[in-house]
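Peer 1: what follows is a predicted protein model with its sequence.
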Amino acid sequence: MELAIGIILGCCALGAGMAMIAGIGPGIGEGNAVASACEAIARQPESKGSVTTTMLMGCAIAETTGLYALVIAILLIFVAPNILVDILVNTMGAL
Amino acid sequence: MKKTSLRFKITDIFYIVMMILPIVCGIVLQVLTKPASEGISITGARIYFTVPMPLQDFPVTESQVNSVIVLVVLFFFCRFMTHGLSEKAELKRQHFAEMAVEKVTDLVEENMGEYFMGFVPFIIAILALSAFSSLITLFGLFPPTSDINIVGGWAVLVFVLITYYKMKCGPINYLKSFTQPVALLTPINLISEVATPVSMAFRHYGNVLSGTVISVLLGSALAGLSSMILGKLPGFLADIPLFQIGIPAVMSLYFDLFSGCLQAFIFAMLTMMYVAGAFDFETYKSKKARKSAKNKI
C-alpha cells in the first residue's frame, strides 16, 4: 500500500516536471518575436509604439501553449495525488 | 475657480471611504479566517461556507468574495471620478477620467471599426475589472483572476458575444462557416471554436497563478538561503531575514503590477479582435439591403 502511494506521488511529480518541457517552445518563440521587434524598432524608431503593442500581443499568444503545460503541471502537483490516492484507498478497501 | 460646497466635499469623502472600506473588510476577513501555516503554502481559493442547493452545494469562496469587493471598489471609484463633471473641467480628476475614456475609445475605433463603437463601455469594464482584480494582490488579498472559475466566466461571456455576432448573418451562414475552406476540416473548426474561450481563460489565469507560485517559491528559497548563511550566528542575529529585504518586492513589481495590467490589456485586445473578426460586415450589409429591397416591393 505504501509502495503504491509512493509510486503515485513520484509519478505525479515526474509528470509535472516533464509537462514543463513545453516551456522550451514559447521561450524560443518569444525570443524570436522580441528579436524581430528590436530589429523593426532599430530600422524605424518612429513606429516603436505600435511595434511594442503588437509584440506584446504576439508574446501573449505564443505563451498560451506554455501556460497549458503549466496548468497541467499544477493539476498534477496539487490535485491529482489526492484524487488518485483516494481512488486507490477506496478500491483497496473494497478488496 | 469656484469654491466647492460642503455637501460636495462630504460626498467626496463618502466615496473615498466606500473605496477603502471593502478592502479593509477583505483584509480583516482574511486575517480572521486564514489558518497559520509554515513554509511553502500554495493554496487555491478557500471556501468560506457552503449554501445547500437542490442540485449541488454552492460554495462561497474567497475569489467570489474578493471579486465582489473589487466590484464595489470600482463602482465607487467610478462615482468618485465622475463626481462634479462640468463643461469647463474644473476638477483635476475629470481630466484623468476623460483621458481614460478617450484612450479606450481610440483603441476600440482602431481595432473594431465604427460599427462597434457601442462596445466602448464593455471594453472599459473588462479592462478595469481585470486590472483591479489582479492588482488586489498588492493588499495581500487573494486575486480573483487566479481562480479559473472567475476568468472562465468572462471567457464564456466573450464566447456568447462571438457567437451572437456570427449568428447575425443568419444561422445558415453560421453553420456554413464551419465547413470553410473544405468540408473535411469541420471537426478541426469545431475544436478551434471551443478552444477560443478555453485559451483566453487559461492564458489569464495561468499568468496570474504562475506569478503567485513563483513569488511563494522565491520567498521560501530566500528564507532558506538567509537562514543557511546567518543561522550559525548566536542570538537574534540568526533571525535576520537578510535576503528577503527588497528582492521579493522587485519580483512583485513585475508579477503583480506589470503582468496584471498586461494581462488585462491582452484580454481586452483579444475580446475586441475576436468579436470584430466574428462579424462579417459585407455579408450583413448585402443581406440587409436585399431585405429592405424586398420589403419595398
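Peer 2: Perfect, I can see it now.
Peer 1: what does the stretch 151-297 of chain B put close to chain A?
Peer 2: Within reach of chain A by Cβ under 8 Å from any Cβ of the partner chain, the stretch 151-297 of chain B has these residues: B:199, B:202-203, B:205-207, B:209-210, B:213, B:262-263, B:265-266, B:269. C-betas here are computed from N, CA, C, even on glycine.
Peer 1: same question for the stretch 1-150 of chain B.
Peer 2: Counting by Cβ under 8 Å from any Cβ, the stretch 1-150 of chain B sits next to chain A at B:42, B:44.
Peer 1: flag the shaky bits of the chain, pLDDT-wise.
Peer 2: This is for chain A. A:94-95 (pLDDT under 70).
Peer 1: that was the other one, I meant chain B.
Peer 2: B:1-3, B:36-41.
Peer 1: quick one: the helices in it, in order.
Peer 2: For chain B, applying DSSP state H gives helices covering B:6-33, B:62-81, B:92-112, B:120-135, B:148-167, B:171-176, B:186-230, B:247-252, B:259-278, B:281-296.
Peer 1: got it, and chain A?
Peer 2: A:2-19, A:24-43, A:48-74, A:80-94.
Peer 1: would a markdown table of these with mean neighbour count be doable?
Peer 2: Listed next are those as a markdown table, based on neighbours: other Cβ atoms under 10 Å in any protein chain shown:
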| stretch | mean neighbour count |
| --- | --- |
| helix A:2-19 | 14 |
| helix A:24-43 | 14 |
| helix A:48-74 | 17 |
| helix A:80-94 | 12 |
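Peer 1: which stretch among these comes nearest chain B?
Peer 2: helix A:48-74 (3.5 Å; Cβ to the nearest Cβ).
Peer 1: interface residues of chain A facing chain B?
Peer 2: So chain A meets chain B at A:56-57, A:60, A:63-64, A:67-68, A:70-71, A:74, A:78 (Cβ under 8 Å from any Cβ).
Peer 1: circling back to that earlier point, now the residues of the stretch 151-297 of chain B next to chain A in TSV, with neighbour count?
Peer 2: Formatted as TSV, those follow (neighbours: other Cβ under 10 Å):
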residue	neighbour count
B:S199	19
B:F202	21
B:R203	23
B:Y205	23
B:G206	24
B:N207	23
B:L209	23
B:S210	20
B:V213	19
B:L262	17
B:Q263	24
B:F265	18
B:I266	21
B:M269	18
